[in-house]
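# test case, fold it:
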Amino acid sequence: MFSLEHQVAVITGAASGIGAATARRFAKAGADVVLAVYSPDGHDIDQVRADVEKAGRSAVIVETNVRNSESVDALVQTALSRFGRLDIAVANAAIARRHPSMSLTDQQWQETLDTDLHGVWRLFRAALPPMVERGSGRLLVTASTAGPFEAWEEHIHYSAAKAGIIGMVRSLAAEVGPMGITVNAIAPGIIETPQTLDNVNSLGASGIEQTGRSQPIRRVGKPEDIAAGFHFLASKDASFVTGHCLLIDGGRMLIRG
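I've put the predicted structure just below:
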């Protein structure tokens, strides 16, 4: 089900969390993967590569800074040079930094928007030409409940970026749908990742535990829960789904509306 045989996927933010889980899931479904990593983050990509290869697929690691257009263009070019095609682009790289709004500087605002919103567009822009040439493709992105669905205090820059993604997805889906390309987002709720375990900029372990007890599904999400959604959206079975934001939150929005 939801085969990705003979497909090639590029995934940013692939060394941990949702990106790593998505790489593993895609490989098990038959896809070769090009994994964008950013060494300053300090995450080890070696285990992800090993898991992809254990599934019998190829993993190519590319050092990538999504804030730099040339770097992102080189990432896509690596996929084309190595595999001769690009079928799926998953824009997952993002940062979250806590800053009270009244002291939020231009630089702090710009850094987050440049990574979390502009970085998505850089990947989509680079991926579009080979997809248009083939007449098919999947553009996928990790959004958030923060911004599109709920508030996150002291993270207005992050929320603005994630809300902007939804507008990008809808407008781009309408534009490139006639070319055989679908564009979709997933809005994760609280997912246990290195980012959310950061008790300075996010919930931390205690906050995650408390959140899990309060949600209709009595746990927080795992990266694999989001990877499963991306797997469906990347597959041919989702060919009639576009311009959509899939909410995967364990029922969080049911009790926060």
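# just checking, what packs against the one helix or strand residue 186 maps to?
Element membership for residue 186, per DSSP states H and E: strand 181-188. With contacts defined as 3 or more C-beta pairs under 8 Å, 6 or more residues apart in numbering; DSSP states H and E, strand 181-188 has these neighbours: helix 118-134, strand 137-142, helix 156-176, helix 223-234, strand 244-248. No exception for glycine: its C-beta is placed from N, CA and C like everyone else's.
# so which of the ones you listed gets nearest residue 96?
Among these, helix 156-176 comes nearest to residue 96, with 5.1 Å by C-beta to C-beta.
# got the contact list for that closest one?
Under the contact criterion C-beta atoms under 8 Å, 6 or more residues apart in numbering, helix 156-176 has outside partners 94-97, 99, 101, 104, 108-109, 112-113, 115-117, 120-121, 124, 128, 131-132, 139, 141, 143-144, 146-148, 151-152, 182-185, 187, 242-245.
# rerun that using 7 Å as the cut-off
With contacts defined as C-beta atoms under 7 Å, 6 or more residues apart in numbering, helix 156-176 is touched by 96, 101, 104, 108-109, 112-113, 116-117, 120-121, 124, 128, 141, 143-144, 146-148, 151-152, 182-185, 242-243, 245.
# could you do stretch 187-205 as well?
16-18, 96-98, 142-145, 148-149, 208, 211, 220-223, 226, 245-250, 252.
# now do it, average pLDDT.
Mean pLDDT, stretch 187-205: 83.
# buried set for that stretch?
187, 188, 189, 190, 191, 192, 193, 195, 196, 201, 202, 203 (16 or more other C-beta atoms under 10 Å).
# please apply the same query to stretch 48-68.
48-49, 51-52, 55, 57, 59-62, 64-67.
# list of residues touching it?
With contact meaning C-beta under 7 Å, 6+ apart, stretch 48-68 is reached by 12, 14-15, 20, 23-24, 27-28, 31-39, 45, 71-72, 75, 78, 82, 93, 114-115, 119, 122-123.
# buried members of those residues into PyMOL, please.
Buried members of these, defined by 16+ other C-beta under 10 Å, are picked up in PyMOL with:
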select buried, resi 12+14+15+20+23+24+27+28+31+32+33+34+35+36+37+38+45+71+72+75+78+93+114+115+119+122+123
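# inside helices: which ones of the contacts of stretch 48-68?
Those of the contacts of stretch 48-68 mapping onto helices are 20, 23-24, 27-28, 71-72, 75, 78, 82, 114-115, 119, 122-123, per DSSP state H.
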